[in-house]
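Q: after the sequence you'll find the predicted model.
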Amino acid sequence: MKKIVQILIFILLFTGLMACQKQPVETPVDLSTIYQQNDVYYEIFVRSFADSNGDGIGDLNGITDNLDYLVNLGITAVWLMPINPSPSYHGYDVTDYYSINPDYGTLEDFQNLIDQAHARGIEIIMDLVINHTSDQHPWFISAQSSVNSPYRDYYIWNGNTAYQTFGGGMVDLNFNNPAVITEVENIMDFYLDMGVHGFRIDAAKHLIESNNATLDNALLILQLNEHMKAKDPNSFLVSEVLDMSYLAYADYYIGSDSLFDFYAAQNIWDKVGLGNNRYLFASNLKKEYDALREVKTDFVNAPVTGNHDMNRLASMDGFNSYYSLEKLALAARINLTLPGSPFIYYGEELGMKGIRYEGINVAGYGTVYDEYRRSPFLWGTSTYQTSWLPDNGANDAVASFADQAADSTSLYNVYKEIIKVREDNPALMYGNYFEPYVDNNSNIQGYVRYFSDENVTQAVLVLNNISSDPRTVDLSYLEILYGDLNIPAYGTLIVSIDPDLIGDYI
């Protein structure tokens, strides 16, 4: 009888311990209300995401109708690519900053999206395309018509020719003119009043092109951010500095809350995808984070694995052949365990493919360039499927959301699970502490994440197997939060560790 009781006690204790491993860290307050710049973002190209009215073009109501998709995935914030009127499919040449592209809906639709998203705990940020306007914008039409136009100095001129960083009818604004800055501040106020959480500054390093461009741009962004913070202290501004060197980011943290981390993305592409110099992965990131802290101690990073300007991750070398699914899953787990507010490009969670074409003609559409990097989301049903872009067959072998949702081993469910692990553990969700694991090598690349405030203290060790062979680790830990001590090829183990013993792991 005594042995039976002992066995029952052991079973109860073991069951309790296992249950503890699955529970989020309990804190006396909701930390997300304190650290409002830490989110899990989802980047949406509206035209491709969800069509609510059957015209083949994605729209704002389609996003509203599918907010539960985002909630179920674990998304807490959305970045909308340009939604203002524009003569192009992509929208990065705005003709009116105060209205909505009619393909996408109306201001009322946008307000409804913001309200419905807030009701589900999701913030909205939008693309702020201010390096340039369309050459069809009323400002430019007036400016071009006469040297005496009140908008003439809104633009940069070489004789009668307007300067264009990117060409294609995108004419650069003149930020040496205080009136232009005031116009931008008014635009920001308009959307902040609607309830947007903030903005993504497009082409941040091109706003002012001068001998001291980096500092000039950083100070301009600081001015815009200070204006925004006066209205909403918890608002969020993330700048796009499209550079693969972290040395290019540091000064931009003078004015930005966050910057997209293309340096970390490149390390994921190189170390995980191609397998080059794998032993340098964590140490490279430490160098970056240490450099950024010198400018802004509490910087909020914005990790990415890709975006609309790049070939999709699943189409990149190293991710499109052997162990492709395993590598895509590992890239997701790394991206979602790094410091900051990680961004997921729509469809990455399905492993969608897409590459740039150099001006080829597609029957039924016309000349294409970046369109297939931004192709329609794969719903797996016709209800919201967009069809504005002819199918090029690139995603014929990629399972749709409908199929992946029903497959517990799918890439979609990897994303869903690791997002939950991140959001349940403050050491992963908040702060920017990052130290490489003491026993890192060419196969195991790990790092310690740590967070402490008056509400909670936690330390977490993330171990990534970036090799094609299983690896078994032997270490002390408090709980296994994700994975197993027997880490499969391109697998991940996440454990909580004693915060007082961090020195044993770094």
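A: Sure, I can see it.
Q: C-alpha from now on. contacts and neighbour counts both.
A: Will do.
Q: distance check, the residue nearest to residue 154 when sequence neighbours are not counted against residue 122.
A: Spatial nearest neighbour of residue 154, excluding adjacent residues (CA to CA, 6 or more residues apart in numbering): residue 174 at 5.2 Å. Applying CA to CA, to the nearest Å, the value for residue 174 to residue 122 is 34 Å.
Q: again, but for residue 333
A: Remark: distance between residue 333 and residue 122 (CA to CA) = 22 Å.
Q: which pLDDT does the model give the spatially most central residue of the chain?
A: Geometric centre of the chain, nearest residue: residue 343, 1.4 Å, by CA atoms, centre = their mean. Here, the pLDDT recorded for residue 343 equals 98.
Q: find the nearest non-adjacent residue to it, please.
A: Residue 343 sits nearest to residue 41 (CA to CA, 6+ apart), 4.5 Å away.
Q: what's around the one you found, how many residues?
A: 26 (other CA atoms under 10 Å).
Q: contacts only, for it.
A: Each residue near residue 41 by CA atoms under 8 Å, 6 or more residues apart in numbering is listed here: 75, 76, 77, 78, 79, 341, 342, 343, 344.
Q: can you tell me which of these has the most neighbours?
A: Neighbour counts for the contacts of residue 41 (other CA under 10 Å) peak at residue 341, which has 28 neighbours.
Q: pretty sure residue 352 contacts residue 319?
A: No: Residue 352 lies out of contact with residue 319 (CA atoms under 8 Å); the separation is 11.6 Å.
Q: compare neighbour counts for the two and give me the winner.
A: residue 352 (25 against 22).
Q: element containing the more buried one, please.
A: Under the criterion DSSP states H and E, no helix or strand holds residue 352.
Q: so it versus residue 372, what's the distance?
A: Distance of residue 352 to residue 372, computed by CA to CA: 10 Å.
Q: the strands in the stretch 101-250 of the chain, which residues?
A: Along the stretch 101-250 of the chain, the segments classed as strands by DSSP state E, counting those that start in this stretch run 123-128, 132-134, 157-158, 161-162, 170-172, 198-201, 236-239.
Q: same list (these) but as CSV, adding distance to residue 497.
A: Converted to CSV, the strands of the stretch 101-250 of the chain look like this (distance: least, CA to CA, whole Å):
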stretch, distance to residue 497
strand 123-128, 32
strand 132-134, 49
strand 157-158, 60
strand 161-162, 58
strand 170-172, 51
strand 198-201, 35
strand 236-239, 31
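Q: right, so of those, which gets closest to residue 422?
A: Nearest to residue 422 among these is strand 123-128; the distance by CA to CA comes to 17.7 Å.
Q: elements contacting the closest one?
A: strand 77-80, helix 107-119, strand 198-201 (3 or more CA pairs under 8 Å, 6 or more residues apart in numbering; DSSP states H and E).
Q: list the helices and strands the first one packs on?
A: Helices and strands touching strand 77-80, as assessed by 3+ CA pairs under 8 Å, 6+ apart, comprise strand 41-44, strand 123-128.
Q: taking helix 107-119 as reference, get the angle to the last one.
A: When axes from the mean of the first three to the mean of the last three CA atoms, to 10 degrees is applied, the directions of strand 123-128 and helix 107-119 differ by 140 degrees.
Q: need the residues that contact strand 123-128.
A: Contacts for strand 123-128 (CA under 8 Å, 6+ apart): 76-83, 114, 117, 196-202, 236.
Q: burial count for residue 464?
A: Count around residue 464 with other CA under 10 Å applied: 26.
Q: that's a helix at it, yeah?
A: No: counting by DSSP: H, G, I helix; E, B strand; the rest coil, residue 464 falls outside a helix, being strand.
Q: ok, now which ones touch it?
A: Shown in contact with residue 464 (CA under 8 Å, 6+ apart): 330, 334, 444, 445, 446, 490, 491, 492, 493.
Q: not counting its neighbours along the chain, what's nearest residue 115?
A: Once flanking residues are discounted, residue 115 sits nearest to residue 195: 7.8 Å by CA to CA, 6+ apart.
Q: related to what we said a few turns ago, give me the pLDDT for the residue nearest to residue 343.
A: At residue 41, pLDDT is 98.
Q: and what of residue 29?
A: For residue 29, the predicted pLDDT is 88.
Q: ok, for it, nearest residue in space, not its chain neighbours?
A: residue 455 (7.1 Å).
Q: show me what contacts the one you found?
A: 27, 28, 29.
Q: need these in CSV (columns: secondary structure).
A: Output for those, formatted as CSV (three-state DSSP):
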residue, secondary structure
27, coil
28, coil
29, coil
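Q: can you say which of these are buried?
A: For the contacts of residue 455, a neighbour count by 16 or more other CA atoms under 10 Å gives an empty buried set.
Q: turn those into CSV, columns for distance to residue 69.
A: CSV is the format used below for those (distance: CA to CA, whole Å):
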residue, distance to residue 69
27, 27
28, 29
29, 26
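Q: go ahead and confirm residue 347 touches residue 379.
A: No: because the distance of 9.7 Å does not satisfy CA under 8 Å, residue 347 is recorded as not touching residue 379.
Q: give me the more crowded residue out of these two.
A: Neighbour count, other CA under 10 Å: between residue 347 and residue 379, residue 347 has more, with 23 against 20.
Q: now that one: how far from residue 294?
A: 35 Å.
Q: mind showing which ranges of this structure have poor pLDDT?
A: For the chain, applying pLDDT under 70 flags the ranges 1-23.
Q: please enumerate the helices of it.
A: 2-21, 46-49, 60-65, 67-73, 107-119, 138-145, 178-194, 213-231, 262-267, 281-295, 324-335, 401-405, 411-424, 426-429 (DSSP state H).
Q: to residue 256, which of these lies closest?
A: Of all these, helix 213-231 sits nearest to residue 256, with 6.5 Å by CA to CA.
Q: what angle separates that closest one from helix 178-194?
A: 40 degrees.
Q: ok, the closest residue in space to residue 407 that isn't next to it in sequence to residue 245 distance?
A: If the residues on either side of it in the chain are set aside, residue 407 comes closest to residue 413, at 7.6 Å by CA to CA, 6+ apart. Here the criterion is CA to CA. By it, residue 413 lies 32 Å from residue 245.
Q: who's more crowded, those two?
A: Higher neighbour count among residue 413 and residue 245: residue 413, with 19 against 15, using other CA under 10 Å.
Q: was I right to think the more buried one contacts residue 405?
A: Yes: in this structure, residue 413 is within contact of residue 405 by CA under 8 Å, at 6.8 Å.
Q: pipe the helices and strands packed on strand 123-128 into TSV and attach distance to residue 368 per row.
A: Formatted as TSV, those follow (distance: least, CA to CA, whole Å):
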stretch	distance to residue 368
strand 77-80	22
helix 107-119	29
strand 198-201	25
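Q: show me the one of those that comes nearest residue 470.
A: strand 77-80 (35.2 Å).
Q: each with direction, which strands does the closest one pair with?
A: strand 41-44 (parallel), strand 123-128 (parallel) (DSSP bridges).
Q: select, out of these, the one closest to residue 227.
A: Taking CA to CA, strand 123-128 is the member of the strands paired with strand 77-80 nearest to residue 227, at 14.6 Å.
Q: can I get the closest one in CSV? Just the C-alpha atoms.
A: Written as CSV, here are the backbone C-alpha positions of strand 123-128 (Å, rounded to 0.1, in the frame of the first residue of the first chain):
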residue,chain,number,x,y,z
GLU,A,123,-1.9,47.9,-32.6
ILE,A,124,-1.6,49.4,-36.1
ILE,A,125,1.3,51.2,-37.6
MET,A,126,1.4,52.5,-41.1
ASP,A,127,4.0,53.3,-43.7
LEU,A,128,4.9,57.0,-43.7
